[in-house]
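> 3D, please:
(3 chains)
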Amino acid sequence: MARLLVSPSPHFQSPQTTQVLMNDVLIALAPATLVSLLFYGWNALLLLAVCVATCLLCEFLIEKYLLGRKIPSISATIITAVLLALNLPPAAPWWIAVIGSIAAIGIAKMCFGGLGQNIFNPAIFGRVFLLVSFPVAMTSWAAPQGWLPIDAFSGATPLAQINEGLRQGIPASEIIAENGLSGWRAFFGAAGGSVGEVSALALLAGFVYLLVRRTIRPHIPVSILGTVVILTTIFWLVNPDKFTGPVFNLLSGGLLLGAIFMATDYVTSPMTTVGMIIYGVLIGLITVLIRYFGSYPEGVSFAILIANMTVPLLNKYCKPKRFAA
Amino acid sequence: MKNRTFTIGGVHPAEHKLAKDAPIEKFPIPAKVAISMAQHLGAPATPVVNKGDKVKVGQVIGTPTGFVSGFVHSSVSGTVTAVEPRADLAGNKVMHVCIDVEGDEFEQEIDCSDRIDREIKLSAEELLEKIKNAGIVGMGGATFPTHIKLAPPKDKKAEYLIINGSECEPYVTADDRLMREHPHEIVLGARIMARVLGVETVVLTVEENKPEAFEALSNATMRYVGFNVFRMKKKYPQGGEKQLIDAVTRRRVPSGGLPIDTGCVVQNVATAYAVYQAVQKNKPLIERVMTVTGQCLPEQKNYLVRIGTPLSAILDSVGGIPAESVKVVSGGPMMGKAVANLDATTQKGSSCLLVLTPEQTARTPEMVCIRCGRCTQACPMGLEPWLMNRLGRAGDTAALEENKIYDCIECGCCQFTCPSHIPLLDIVRTSKADVMKIIRSRAKK
Amino acid sequence: MNPILITIVTLSAIGLLVAAILFLVAKKFKVEEDARIDQVEALLPGANCGGCGCAGCRDFATKLVSLDDFGDVQCPVGGGETMNKIAALLGKAATVQAPKVAVVRCNGSCENRPTVNDYDGFGSCKVKAALYSGDTACSYGCLGCGDCTRVCKFGAIGMDPESGLPVVDDTKCTGCGACAKACPKGIIEMRPKGLRGLRVVVLCNNRDKGAVARKACKAACIGCAKCAKVCTHEAIVVDNNLAYIDPQKCKLCTKCVDECPTGAIHKFNFPVRKAAAKPAVEPKPVSEPEPVVEVAPVLAEEPKPVVKPAPKPVVPKVEVVADDADSDDVIELDID
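Next up, the predicted model:
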């Protein structure tokens, strides 16, 4: 006779497993990765490969020899690696990628207990770790020749150019006009900066894929971008000479990359709708403040790291709407 | 009009309504039946027949023990062979009356014809008494005695009677077929219950994936004032009592409260059908419609089964269960109970017999929580299963109570949606039992 | 001035200031506590196991200091020695209880009690017991998920992978009773440790009728009462088809062990004599840290003339099976 299988209800499981979710994020990252490879060529590929290899090796060693486990999700590790690679300058030396990966996995992820336990987004942590440790290497924007027959965009990033110009007292609009820094250029893929910031369009394509697959909910990215647009519009209307406008801010720098792929990391973002919105607004606010008033030209990474710290509190105090009062 | 639904959470499991085109068939009366005395919520009934007694179909064989309890009737005619504890489908010992079937002789007053008897002659009190004596319970699975629900406390007034035909569980089609084939009986049953409760407004709810049933009920209610048929969104757990009241009236049953606190009484369509049979045909609850389904079965059936039929007999009639190991579920895949004992028999609450292969149902290894928050988004009660899972494993009952674990309706949405396959409901369910025990012992003091 | 000096001075000043604040706060908010609590706590084992019923050793120490008479309050881990020391310190009289040990009253190993279905839920006895009667035909026996092993703070109970049953290490067991509380089937009993750990126990909790029990498990107690008849000390009571040996009355003559037709009665820690014919259904001795189950087929004691004992209506100290299927627990829900 057949053996009966007995277990408590439910007897059904949604097909969306953690593995599927992580793979979906990787698929969503594919367009941005491919575009940046086209633009930056072999060095970008080298950085990507080094990041993936180092992250996997680092996690494997720690999981195996310190915790006695297997890597719970290889895809999750690869996501961290790809995000870190996308956050490096295109001409960065390979050892920067190694150090960044070790910091991301070894410190930010595994010190807290591995997948699901970390407080900070590992990729962002890795980037910020590099940024404060190797400021020169991390802000050298000399771009290597890519696989496309177009000129590479060397020189500072648009945000850095603006920051530098404003310090010299040149009005923002003039700097933009002078250097051809229109936001729309960044949209299709022609902005200097980190590897992954090259094309907003590719990033948005990934965003749409994640939404369609219901991998992420739109609350976090939308509230980040919304906050940035509203705040920059207000500042820009008050003083267009001193402050850059919303379109420029939206499309330049790592804002889209951060809002779509980094801030939405499950582990380091809140679980409830209200929490997500507060978290998003906080990131948007800090980003704008750093961009306008800070000494760094770019503030998304710092904003996400700071907001990461508030997540346990947001989870604790932003309870979901209860059915029964 | 827009399809209605509840406001918080919910999931969309694949529906797999395989048996929806199989008309209701009468299942042959088995040679032996064993009728459980614990077919309702509350104290098991007390058997009133002895070994060797001759019984007829519809004869009382168990009487209520205490307030929350009910009558049990013989579903067959024949000789009582034993009155003894037997293993139910979970293997726990429960008092059963076992009968060897001889012929099919009904009690005299039972009307077995198909003629629809529309005239309701009795007063509310007489109707309630008749429902009570027929041993009718909530047939959606909770098996709460219907006569208690129909007699709310004096200080509470029922405003709405909601007849639940949502059938949001995947696979189950018993109610769908019943609504399609017997809409008039269901509506009459609803009228009887409305008269007992003294309510003017009756709402029948049907999920959007059952257009034929919606059509049939709409036609059947055409000439009755105060009857509405609502089309509901396909979303689980649409048929949950609290969710249904929310969807229909936008009122919320308070924590620890009863549906009547919102002025609503919810009854299943199968219960309405049984009420009609009991009142107009004098036929106590001795049979029910049951879906027999599963991708691995050669046939999908909707059977009208006598209570007390062995599950193995039903499975054998559709070719038996496949040789390899399988899971047999009594009820739907979200809330049904896995059967550990195929010698167990059907009960008043058995709406479905579902056979799943290990590929469809076996648990996969649990992964770490990635804090995606899907369980929180899916919980129809607005709870945080991930948190209750952690607190439950740590045994922190105080914090669990603070996080309202007692509101959990055990619908299984959290565990269904968890991408890391964490057995959230397993933990929450036992933790909830612990917390309820503490709350009750505190109330006693 | 030298910046190093400035730094040193300012930091020292801050340090002094903070120290002063701390000192004042500690003075002002000091909680007066009975000094004896600390002394008593120092005498306690510090396992914080909760076996005494208190939240931890300090809680227990507070309770002891406040008590006039210890009564049957006892630290199961420290035992009589500890209680006497504390009693001497506090100038009170301690009633010393016999040290106890956990006994798993189930011998339904995989071999004796084959599974009849496959459990696929969360690996916890509590969850499993709430769901159904278990994956064997015996609804009273060990569920094998090891809840007892997880609550033990002393590593004294572990699952034997071969038999699928928990095994208690007498030397480590402190008798705190955490495992007995954790077991949803109530098969773990706290029994007096006895002289040199000698014990004779019915390793079964099955209250089904003999035939049913036997069918479910080869080593089940079938309630035949042969043991009660052979017992010359009226120590065995058969109630509800289950024999129970009263540890207070048992004189360890072990006649019942040989009499039992299913081998449900076991003796522990008896010296091994020359191997005679082994009983057929004896389980393999477990070779965990220390051999716990020892098989001693031949007895030292001479059989005395059999006197038929009328089974006294002694209520056996059997833990009530925690029946979690409280009907009130079921939430009224009408999902279909």
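> per-residue pLDDT, residue C:247?
Model confidence at residue C:247, given as pLDDT, is 88.
> now it: how far from residue A:201?
Noted for residue C:247: a distance of 80 Å to residue A:201, by Cβ to Cβ, to the nearest Å. (Each C-beta comes from the backbone N, C-alpha and C, glycine too.)
> out of the two, which sits in the more crowded spot?
Neighbours were counted for residue C:247 and for residue A:201 using other Cβ atoms under 10 Å in any protein chain shown; residue C:247 has more, 20 against 16.
> for burial, what's the neighbour tally of the residue in the stretch 101-250 of chain A positioned nearest to chain B?
Using Cβ to the nearest Cβ, the single residue of the stretch 101-250 of chain A nearest to chain B is residue A:116, 4.1 Å away. Residue A:116 sits with 20 neighbouring residues when counted by other Cβ under 10 Å.
> give me every residue that touches it.
Residue A:116 makes contacts with A:72, A:267, B:368-371, as judged by Cβ atoms under 8 Å, 6 or more residues apart in numbering or on different chains.
> nearest residue to residue B:342 in space, please, no chain neighbours.
Nearest non-adjacent residue to residue B:342, counting by Cβ to Cβ, 6 or more residues apart in numbering or on different chains: residue B:312, 4.4 Å away.
> in a helix, that's where the one you found is, yeah?
Yes. According to DSSP: H, G, I helix; E, B strand; the rest coil, residue B:312 belongs to a helix.
> all helices of chain C, in order?
Secondary structure of chain C (DSSP state H): helices located at C:3-28, C:35-43, C:57-66, C:79-90, C:125-131, C:147-151, C:178-182, C:210-216, C:226-230, C:255-259.
> swap that for the stretch 51-200 of chain B, please
Per DSSP state H, counting those that start in this stretch, the stretch 51-200 of chain B carries helices over the ranges B:124-133, B:146-149, B:174-181, B:183-197.
> residue A:259: which of these is closest?
helix B:174-181 (45.3 Å; Cβ to Cβ).
> can you report phi and psi for the residue in the stretch 201-325 of chain A that chain C sits nearest to?
Per Cβ to the nearest Cβ, residue A:324 is where the stretch 201-325 of chain A lies closest to chain C, at 12.4 Å. The phi/psi pair for residue A:324 (degrees, to the nearest 10) reads phi -100, psi 120.
> doesn't residue B:383 make contact with it?
No. Using Cβ atoms under 8 Å, residue A:324 is not in contact with residue B:383, being 9.9 Å away.
> overlap of the contact sets of those two?
By Cβ under 8 Å, 6+ apart, the residues touching both residue A:324 and residue B:383 are B:404, B:407.
> more crowded one of the two?
Shown here are residue A:324 and residue B:383; by other Cβ under 10 Å, residue B:383 has more neighbours (27 against 16).
> next up, the contacts around that one.
Residue B:383 makes contact with A:320, A:322, B:376, B:403-405, B:407-408, according to Cβ under 8 Å, 6+ apart.
> contacting chain C as well, which ones from those residues?
Contacts with chain C within the contacts of residue B:383, counted by Cβ under 8 Å from any Cβ of the partner chain: residue B:408.
> so which of the contacts of residue B:383 sit within strands?
Judged by DSSP state E, strands contain none of the contacts of residue B:383.
> where does the stretch 101-250 of chain B dip in pLDDT?
Scanning the stretch 101-250 of chain B for pLDDT under 70 picks out no residues.
> all strands of it, in order?
B:160-165, B:201-207, B:227-232 (DSSP state E, counting those that start in this stretch).
> contacting residues around residue A:162?
Contacts for residue A:162 (Cβ under 8 Å, 6+ apart) come out as A:172, A:175-176, A:181, A:244, A:297.
> how's chain C carved up into domains?
Chain C resolves into domains spanning C:35-90, C:100-268 when parsed by automatic domain parsing.
> ok so, going back, specify which member of the contacts of residue A:162 is nearest to residue A:87.
Using Cβ to Cβ, the contacts of residue A:162 come closest to residue A:87 at residue A:297, 14.7 Å.
> if I look at that closest one, how far off is residue A:173?
Separation of residue A:297 from residue A:173 (Cβ to Cβ) stands at 17 Å.
> circling back to that earlier point, and the contacts of residue B:383, which of them are in helices?
Filtering the contacts of residue B:383 for helices - DSSP H - leaves residue B:376.
> I'd like the distance between the residue of the stretch 151-300 of chain C found nearest chain A and chain B.
Nearest residue of the stretch 151-300 of chain C to chain A (Cβ to the nearest Cβ) works out as residue C:184 at 14.2 Å. In this view, residue C:184 and chain B are 9 Å apart by Cβ to the nearest Cβ, to the nearest Å.
> can you give me the offset of stretch A:249-265 from its chain's centre?
Taking Cα atoms, centre = their mean, to the nearest Å, one finds stretch A:249-265 lying 5 Å from the centre of the chain it belongs to.
> ok, now which ones touch the residue of the stretch 201-325 of chain A closest to chain C?
B:242, B:252-257, B:381, B:404, B:407.
> of those - the most surrounded one?
Most neighbours among the contacts of residue A:324, by other Cβ under 10 Å: residue B:242, with 29 neighbours.
> what about the nearest residue to that residue once chain neighbours are set aside, which helix or strand?
Once flanking residues are discounted, residue B:242 sits nearest to residue B:253: 4.7 Å by Cβ to Cβ, 6+ apart. Under DSSP states H and E, no helix or strand contains residue B:253.
> is stretch C:142-153 anywhere near chain B?
No. Stretch C:142-153 stays clear of chain B (Cβ under 8 Å from any Cβ), getting no nearer than 9.5 Å.
> who touches that stretch?
Stretch C:142-153 is touched from outside by C:47-49, C:102, C:104, C:106, C:108, C:123-129, C:134-135, C:157-159, C:164-166, C:176, C:178-185, C:187-188, with contacts defined as Cβ under 8 Å, 6+ apart.
> out of these, which are buried?
Buried subset of the contacts of stretch C:142-153 (neighbour count, 16 or more other Cβ atoms under 10 Å in any protein chain shown): C:47-49, C:102, C:104, C:106, C:108, C:123-129, C:134-135, C:157-159, C:164-166, C:176, C:178-185, C:187-188.
> okay, and the beta partners of the residue most central in space within chain C?
By Cα atoms, centre = their mean, chain C has its centre lying nearest to residue C:102, at 3.2 Å. Residues in a beta bridge with residue C:102, per DSSP bridges, are residue C:190.
> the residue of the stretch 201-325 of chain A found nearest chain B: how many residues sit nearby?
When distances are taken as Cβ to the nearest Cβ, the stretch 201-325 of chain A reaches nearest to chain B at residue A:271, 3.1 Å away. Look at residue A:271: counted by other Cβ under 10 Å, it has 22 neighbours.
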